[in-house]
Structure formats: C-alpha cells, structure tokens
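Engineer: The following comprises the amino acid sequence and a computationally predicted model.
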Amino acid sequence: MRKRTGVRYKFIKRKFITYLLSFTLPVLIMGVLILTNLYRMESKQVEKRMENSIHLAEGILDGFASDVLALNRYLINGRQLSSFYQTFTKEQVDYASSLTLGQLSAYLNSMGTSRLYIDSVYFYIENNLKRVLTSDKTITNIDSMIDSGWVNLLQTVQSGCPEIFGRTVQRNAFSGESALCSVFFHFTAWKGGVVVNYRRNAIEEGLKNSVFYGGEQLIVFGSDTLPLFSREPIDPKLLSCLEELLEQPEEYPEVGSFRFRNKKYRLKWSSYAPFEATIVTLVPEWEIYATMFDNIQIIILMVLVTAVSSAILSYYRTIHNYNQLSQIMDIFEKAERNEELPSFVDNDWDLYSKILNNLVHTFVQNSYLKMQLSERKYRQMAAELIALQYQINPHFLFNTLQTINYEILHTTHGTFTTVNQMVEYLSDILRYSLGSPEEKVPIRKEAEICMKYIEIQKLRYNKEIETSWKLDPSAADLPVQRMLLQPLLENAISHGLRFKENQCRITVKVSSVHGKTRVVVGDNGCGMSRKRLKEVRESLKQTNGEFPAEHIGLVNINQRLALSYSGESVLHLYSKEGVGTILYFDVPSNSK
C-alpha cells in the first residue's frame, strides 16, 4: 500500500507539472513575444513621432524662408533697388517715387495681413535720412521707431544668407514686451536688407496641439543658439543644459537619452541649414511607454487567469489519468491471479479507455506469433530485393573487361581508342553495380553512371542522342537503390530510339512533387500502340518471378521499387505510337 501511495504521489506531481507547463508556458512565451514586439514597435513609433515633430518645426521655418525669399525675388531687380534708394534719399518724394513706394508698401502690407503670425516687415537701404519702409506705414524714420534694435543686427548678417534671431520689443510705453522671431536678409549689392518679424506667441500656440505626446517639448534655437520659440515654457536650467549640448553637437548623437533632474528623456535634434538653426525635441521616457503599460496589465491579467485555469485543469486531468492507470494496474494484478477481468465501456474520446480495452484484447490475441510472422515477411522481402539486384551484378564481367582493356592498350601500343573509352565506361558501370545492395547512393551519382551508359549506346548504335538532364538541387542528394535509372534508359534506347533515324532525344527529370521526389524518363522514339502498352503494363504486375524477356529491366525496377518503399512507389508507363514514351516513379523525399 505504501508503495502504491509513493507511486501515486510521484505520478501526480510529475503529471501535474507537465500539464501545467504545457498549458501555461505557451501563454508566457506568447506574452513575452508580444511585449518584445510592442517594445520594438513603440521604439520605432517614438522615432517617427519625434521625427514628425521636427518636420513640423522645419515646416514653420520653411514658411519663414519662403516669405523672405519671395520678398527678395520681388526686390532682386537692381534698377528697382536703385529707384528705392533714390526715393529714400530725396527730401521730397515725387509722384513717380510715391507710386513705386506704394507698390512695395502694398506688397509688404499684404504679407502682414495674409499671414496671421507675421507681426511686421521692414525694408531698409542705408541712406542719410535714415528712412525705412514698414508693412504698417508707408515710410518712417528709424529714430522715430520704438523697435530700432534690428538695424544693428541687420549689419551683422552675412550678405545673401538669411539668419533668424529671437528678440523682444516694447511697442509703446504702456504695453509690455512682445516676443518676436525675426528673419534677417542682407542684400548682396546694397547696404541694407529686409526683416520679417513673426509673433512668437502665435507660433507657440499652434505647436501646443500639434505633437503626439502631451509632455513633449519642442524647441527651435536660432543662429546665435538662443531659443526662438518652444511648445511650452522652458526651464532655465534645462535651457542651459541644452545650450551647452548644442555648442558641441558633434559629441552628442542626433538621437539619444538625456537625463535632467533625475528624469530620463528621449532627445532628438536636427540642424536647419537655411537659417543655421537647430531643432530639439524632448519626450519623457515614462510618457513614451505609457501606452505600453495598459497592454502589459492586460497581458499579465491574461497570464494569471490562464495560470489559475491551467492549474485547475491540470489537477483534474492528473487525478483522472491516475485513476485510469490505477485501474489498469488492477487489471494486470487480476490477470496474474487468474481472476475474472471486468468489462469496460469504450469511450472514443477517452484515450485511457481505449488503452484499457486494447489491453484486454491483448490478453486474447497472440501478439508474439504476429511479431514472428512480420519478421519472417521482412526477411523474405529483403531476400527478394537482394536477389533482384544481383541479377545485374555479375562480378566476373568486371574483371574480364579490365583484362580486355589492358589487352587493347597493349595491342595499340598505349594509344587510347574509342574501344578503350567504351570498356572504361562499362567497367565503371559494373563497378558501381557491384556495390552493396543494401547501401543506397545519392541520385546524382546514379545520374553520373547513366550518362556513361548513354555514351556507350551512342557509340554502339553510331547515332547522336540528345540527352536533357533536369536535376532539382533539392533532390540531388536523395538516397536511392542502385541501378534504378539505367534500365529505364536502356528501355528508351532499345525500344524507342533504336530504329529512329535522327533527332533522338531523351529527357531525364528529377523534381519534388507533393512531398515526394519524382523521377521521369521520356523519349521521342517510336512509342507503342494501345494494345502493346496494355501488354507491357500487365507484365509490370508480375510478382511470381517469371519476367518477360523483353521487359525484364522494367519489371525488375517495378519490383525493387515496391519492395523498397512498401508499395508506395510503382512504375508508371505512358506511350503513344509515333510520339514517344514516358516512364516515371515517385519515392518518398524523406527516404533513407
């Protein structure tokens, strides 16, 4: 009883663990794969979203550049700039000059009114009267402007290259300061240029709802590495850290991690060449993976539910299996004591019930005699297989051919002739056929021997036989019985091409078809009539060892195929008189 209890404990423990792992482990693996895939997808998405944020800022800067370049194209005409200069230097503006200024003023005014984020536009050519044309006034004096600091900045800008700076301007004595992003463009041939001022608060307002992450910070630095605009107000210390980073950009990758005040951020920056500006986007790491946390919770909940369900199911199945095995052990004990065996109901869905019934039937049937009978049949089949193959294995012929070859060389004083070539080919074929019948060879080796056989037949019949070999590389190393192809080629030449005058062709194809390897041999010979085809097909079914002399090779092959592959492979024959003949057979691709 104690022994039975110990076995019961070990069985239940081992079976329970097996069931539990088989139910839970796939879910765990799937959960890990899903989490890994989510992490990879989210990492890619983060880079794409940050790249989109940078493209958004680049789009704003592209608009700035477009405005300046469009204005420059309007003013690029040298004569027009000369006319403006003459107008600025005149004490009194005549009618023609007022028309010229009116057109330019209207253009500048249209820029300011058509784009809500443009604050003002200045056009200036250095003159002794310090005159400047603005988008809100036709012409004014620099000294009378509250915003006059732009003149000095314009002088520092390189000619022909637009630059952008952040500025603060006080409109009047009663209002506060206005933050501007000013784009400066210095003329190449004249002292002066244009300045387009953009409202910083309008730009930042448009950025607030234009990024994916709520906590993402998007900052654009100007040519002087000072911030132009940002999505949210910038922490001064964070701004200082970013400015230090941008002073040595070559030491920091364009995409990387950034830590500030014990918080980790994902940082990406990019240079904007037209303005020599720099765009920086920062996203908190915790916000990046916030979307993953919900999925992780769902997956963990699924794993827990599956684990509990698996434990309950595993325990039930384990106890059920043990009870069934215990019943089987009781049957063995009763059988040993010659007691009456109980009757059982056969449940199709219950594996152990089937096992139990099979055990009962086993006591009735004599399995030992069946095993002996199977072994006897196997030995008989192996003997028949060896006997069939040894029909084409006469050892003495090989030795005789070698002697003939030497005699021919002796007679021709060492000169290698066509006869020598035929003898050598035939010797190779016989040497190959004398190999162990039980040892299989790659089908490519079988093909090599058959090529030599065809060369012999060309010399024998003194005709050109065009041979096409189509050997699938995936099936080249398939092991097969020796001398399977040669009888098929012999049949094609002897009965198909022997009496054909010209254009003799043989095609050998080895390919994979539906999990099997198919070997096809076809010729364009004289073919067979329907009556003759039927007779040959009937001869292939001979199993009593009395083979017809004309087709002993085909019957031999058919028998060897049936014995080697348990009847799965047989020889198939198709022929049409005057067209040709096709022979093929299939062997399992996993045969060894």
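Structural biologist: Cool, the structure landed.

Engineer: okay, now R537: neighbour count?
Structural biologist: R537 has 16 neighbours, counted by other C-beta atoms under 10 Å. Yep, even glycine has a C-beta here, placed from its N, CA and C like the rest.

Engineer: Let's see the strand or helix carrying it as CSV, backbone CA atoms only.
Structural biologist: R537 is part of helix 530-540, with elements assigned from DSSP states H and E. Presented in CSV, the C-alpha positions along helix 530-540 are these (Å, rounded to 0.1, in the frame of the first residue of the first chain):
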residue,chain,number,x,y,z
ARG,A,530,-2.6,0.9,-77.2
LYS,A,531,-2.6,-2.9,-77.3
ARG,A,532,1.2,-3.1,-76.8
LEU,A,533,1.0,-0.6,-74.0
LYS,A,534,-1.6,-2.6,-72.2
GLU,A,535,0.5,-5.8,-72.5
VAL,A,536,3.6,-4.1,-71.1
ARG,A,537,1.6,-2.6,-68.2
GLU,A,538,0.2,-6.1,-67.4
SER,A,539,3.8,-7.5,-67.4
LEU,A,540,4.8,-5.0,-64.8
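
Engineer: Would you mind pulling up the elements that it packs against?
Structural biologist: helix 552-564, strand 572-576 (3 or more C-beta pairs under 8 Å, 6 or more residues apart in numbering; DSSP states H and E).

Engineer: Indicate which one of the ones you listed is closest to I279.
Structural biologist: For I279, the closest of those is strand 572-576, at 72.8 Å, according to C-beta to C-beta.

Engineer: what's near enough to touch G166?
Structural biologist: By C-beta atoms under 8 Å, 6 or more residues apart in numbering, the contact list for G166 reads A179, L180, C181, S182, R200, G222, L226, P227, L228, F229.

Engineer: Please give the element, helix or strand, for it.
Structural biologist: strand 163-170.

Engineer: Determine the angle, from 0 to 180 degrees, between the longest helix belonging to the chain and strand 163-170.
Structural biologist: Assignment by DSSP state H gives helix 2-75 as the longest helix of the chain. Note on geometry: by axes from the mean of the first three to the mean of the last three C-alpha atoms, to 10 degrees, helix 2-75 and strand 163-170 are set 80 degrees apart in direction.

Engineer: Report the next helix or strand after helix 2-75 in sequence order.
Structural biologist: Once the chain leaves helix 2-75, the next helix or strand it forms, by DSSP H and E, is helix 78-89.

Engineer: any idea how far whichever helix or strand comes after that following helix is from the chain center?
Structural biologist: Per DSSP H and E, the first helix or strand lying C-terminal to helix 78-89 is helix 95-114. Averaged C-alpha coordinates place helix 95-114 at 61 Å from its chain's average position (C-alpha atoms, centre = their mean, to the nearest Å).

Engineer: And stretch 86-102, by the same measure?
Structural biologist: The answer for stretch 86-102 is 70 Å, by C-alpha atoms, centre = their mean.

Engineer: Average pLDDT for it, rounded please.
Structural biologist: Across stretch 86-102, the average pLDDT comes to 74.

Engineer: same thing with stretch 37-57?
Structural biologist: Per-residue pLDDT over stretch 37-57 has a mean of 82.

Engineer: For that stretch, give me every contacting residue.
Structural biologist: Contact partners of stretch 37-57, identified using C-beta under 8 Å, 6+ apart, comprise 207, 210-213, 216, 218, 220, 255, 266, 268, 270, 272, 279, 281, 283, 288-289, 291-292, 295.

Engineer: Mind checking which of those are buried?
Structural biologist: Taking 16 or more other C-beta atoms under 10 Å as the criterion, what is buried in the contacts of stretch 37-57 is 207, 210-211, 213, 216, 218, 220, 266, 268, 270, 272, 279, 281, 283, 288-289.

Engineer: picking that back up, now, of the helices and strands packed on helix 530-540, which is deepest in the fold?
Structural biologist: helix 552-564 (a mean of 21; mean count of other C-beta atoms under 10 Å).

Engineer: Could you list the low-confidence segments of the stretch 201-350 of the chain?
Structural biologist: The model of the stretch 201-350 of the chain has pLDDT under 70 over residues 248-255, 291-292, 322, 324-325, 328, 331-350.

Engineer: can you give me the strands for it?
Structural biologist: Secondary structure of the stretch 201-350 of the chain (DSSP state E, counting those that start in this stretch): strands at 217-221, 227-230, 255-260, 263-272, 277-284.

Engineer: Kindly reformat those as a markdown table containing distance to L426.
Structural biologist: Output for the strands of the stretch 201-350 of the chain, formatted as a markdown table (distance: least, C-beta to C-beta, whole Å):
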| stretch | distance to L426 |
| --- | --- |
| strand 217-221 | 86 |
| strand 227-230 | 92 |
| strand 255-260 | 73 |
| strand 263-272 | 77 |
| strand 277-284 | 81 |
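
Engineer: so which of these comes closest to H514?
Structural biologist: Among the strands of the stretch 201-350 of the chain, strand 255-260 sits nearest to H514 (C-beta to C-beta), with 50.8 Å.

Engineer: Most neighbours among the contacts of G166, please name it.
Structural biologist: When neighbours are counted by other C-beta under 10 Å, L228 leads the contacts of G166 with 30 neighbours.
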